[in-house]
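Peer 1: generate a structure from the sequence data that follows.
(one chain, ligands or ions: 1)
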Amino acid sequence: MKHSTRIGGSSVLRRLHCPGSMREEDRVGSDDSYSPEAEAGHRDHDDAEKLLLDPDRESNNDMAKEAVAQFHRMVEYVDDVEFLTEQRVDLSHIVPQAWGHLDLAWAGWRDGKRVGGVVDWKFGHGIEVQARGNYQLGFYALGALRSQDPDLQAMFSDVGAMELAIIQPTRHDDPDIWVTGLEWFDMFEHFLVAGNARLDDPDASLKMGPWCRFCKAKLTCGMQTELADEILTREPKKMTSVELAWALKNIPQLEQRIVELKRLGMQEAEQGVALPGMKVVEKKARRSWTDEDAVRELARKKKIAFEHRKMRSPNQLEMEARKKLGRDKAKPVIQQLRALQDKQSSGHVLVPDSDKRPAVQIDLQKRAAATNLEPMDVGCIAALAARKDENDDE
Ligand code: SF4
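Peer 2: Numbers count the residues shown, from 1 in each chain. Sure, this is the predicted structure:
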């Protein structure tokens with residue numbers, strides 16, 4: 001689905017935080033190729049849309065079926081629901097060339113009040129996406145609210161608040177919904193207009209952050225190159241704890257660079273570009289049966305067990321229970337199943353302190369013994385790192 005190269009739903013976060021990103025992406029030029037993951041995502045979007053428009057349609061795409069089921073549950077208590085899929089939203093009358101395509105817009109009546117919202121399907125296995133304050137959803141919802149399209153105007157002219165939802169079946173059993181009043185969109189529109197004014201400045205600044213993830217200039221942007229130089233040319237053991245924390249926090253940027261390097265290398269090699277010392281080979285082949293009946297017969301004759309039943313994982317079994325029994329009837333069964341489960345962490349992992357999980361209490365005495373430091377010194381290092389983080393956040 002096409003989006004504006006200036007400001008669209010998928011680029012609005014990047015444009016508002018990193019105004020120089022438009023210039024940098026323009027330098028790289030357009031690349032219409034899609035990664036296999038993006039292709040799979042398009043297929044899931046497509047299947048979900050078809051299922052929504054035709055509920056009796058047969059589909060073997062479980063992900064799309066779950067996404068549609070989550071939407072139906074979300075609007076279960078909304079009367080006279082109407083919806084539009086893959087709808088173009090155009091804000092060009094407010095900000096030049098600002099447009100995009102939303103996945104799903106809906107409106108209806110709840111308790112006598114007009115309600116409505118937008119939904120973004122997320123089918124990837126990557127990061128978890130939140131609805132609260134989400135600029136992409138905000139862009140689509142603003143597009144629906146300010147639309148000059150008669151269908152959208154009819155749907156949204158009387159709503160008093162917007163429900164912004166992320167449906168991400170790989171991460172959530174239910175949509176992640178954020179309800180916000182119309183004033184939020186007045187403020188967002190103001191940001192959009194102000195941010196747009198900075199985009200054409202040849203010296204527009206660059207700023208790194210999570211919005212770099214889908215930036216086409218990831219490999220060429222000066223900020224990214226400097227960051228990679230700075231982290232990769234330093235000897236980790238000579239870093240202070242504060243420098244180490246800073247490097248660790250920036251690892252996702254480096255990882256994206258490596259993924260991009262691999263993708264580009266593969267793309268070049270498959271187009272016949274010689275990469276010295278590298279070659280393209282077949283991935284490890286997985287064997288599969290061409291005729292399962294013949295295999296069963298042969299195995300039976302030779303008295304070899306040909307089927308092996310394995311207990312489903314807690315996740316798989318709970319999903320199956322919801323599918324077979326329906327959401328409400330599955331609840332008590334799932335509770336019973338949970339009483340039969342044990343959950344043990346396989347170890348520690350280092351994450352940013354914004355992560356929802358509580359921090360593990362590190363035993364400073366033990367750690368001091370292991371590092372030959374006084375417990376007091378270990379505590380001081382931790383406090384110093386925390387103070388550096390606070391300063392960075394200001
Ligand atoms: S990679 Fe990040 S910092 Fe560089 S231009 Fe893109 S969004 Fe801006």
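
Peer 1: all helices of the stretch 151-300 of the chain, in order?
Peer 2: Assigned by DSSP state H, counting those that start in this stretch, the stretch 151-300 of the chain shows helices spanning 182-199, 222-232, 241-249, 251-270, 292-301.

Peer 1: may I see the ones you listed arranged in CSV, with mean pLDDT, mean neighbour count and distance to Ala141 as well?
Peer 2: Bear in mind the C-beta positions are built from the backbone N, C-alpha and C, glycine included. Formatted as CSV, these follow (pLDDT from 0 to 100; neighbours: other CB atoms under 10 Å; distance: least, CB to CB, whole Å):
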stretch, mean pLDDT, mean neighbour count, distance to Ala141
helix 182-199, 96, 15, 7
helix 222-232, 92, 15, 30
helix 241-249, 93, 16, 31
helix 251-270, 88, 13, 28
helix 292-301, 90, 11, 50
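
Peer 1: among those, which is nearest the ligand?
Peer 2: helix 222-232 (4.3 Å; CB to the nearest ligand atom).

Peer 1: now the helices of the stretch 151-300 of the chain in JSON lines, with distance to the ligand?
Peer 2: Putting these into JSON lines (distance: least, CB to the nearest ligand atom, whole Å) gives the following:
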{"stretch": "helix 182-199", "distance to the ligand": "12"}
{"stretch": "helix 222-232", "distance to the ligand": "4"}
{"stretch": "helix 241-249", "distance to the ligand": "15"}
{"stretch": "helix 251-270", "distance to the ligand": "8"}
{"stretch": "helix 292-301", "distance to the ligand": "49"}
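
Peer 1: any stretches of the stretch 51-200 of the chain with poor pLDDT?
Peer 2: Across the stretch 51-200 of the chain, nothing is flagged by pLDDT under 70.

Peer 1: circling back: out of the helices of the stretch 151-300 of the chain, which gets nearest to Arg357?
Peer 2: helix 241-249 (16.4 Å; CB to CB).

Peer 1: who are the packing partners of the closest one?
Peer 2: Judged by 3 or more CB pairs under 8 Å, 6 or more residues apart in numbering; DSSP states H and E, the packing partners of helix 241-249 are helix 375-393.

Peer 1: and the stretch 101-250 of the chain, which residues reach the ligand?
Peer 2: Neighbours of the ligand within the stretch 101-250 of the chain, by CB under 6 Å from any ligand atom: 206-208, 211-212, 215, 217-218, 221, 223-224.

Peer 1: switch the cut-off to 8 Å
Peer 2: 206-209, 211-212, 215-218, 221-224 (CB under 8 Å from any ligand atom).

Peer 1: in PyMOL, select just the buried ones from these.
Peer 2: What follows is the PyMOL syntax for the buried subset of those, where burial is set by 16 or more other CB atoms under 10 Å:
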select buried, resi 206+208+211+212+215+216+217+218+221+223+224
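
Peer 1: compare the helices of the stretch 151-300 of the chain and give me the one nearest Gln336.
Peer 2: Across those, closest to Gln336 is helix 292-301 (CB to CB), at 34.6 Å.

Peer 1: from Glu128, how far off is the closest residue to Pro352 other than its chain neighbours?
Peer 2: Among residues not flanking Pro352 along the chain, Lys249 sits closest, at 6.1 Å (CB to CB, 6 or more residues apart in numbering). Distance, Lys249 to Glu128, by CB to CB, to the nearest Å: 18 Å.
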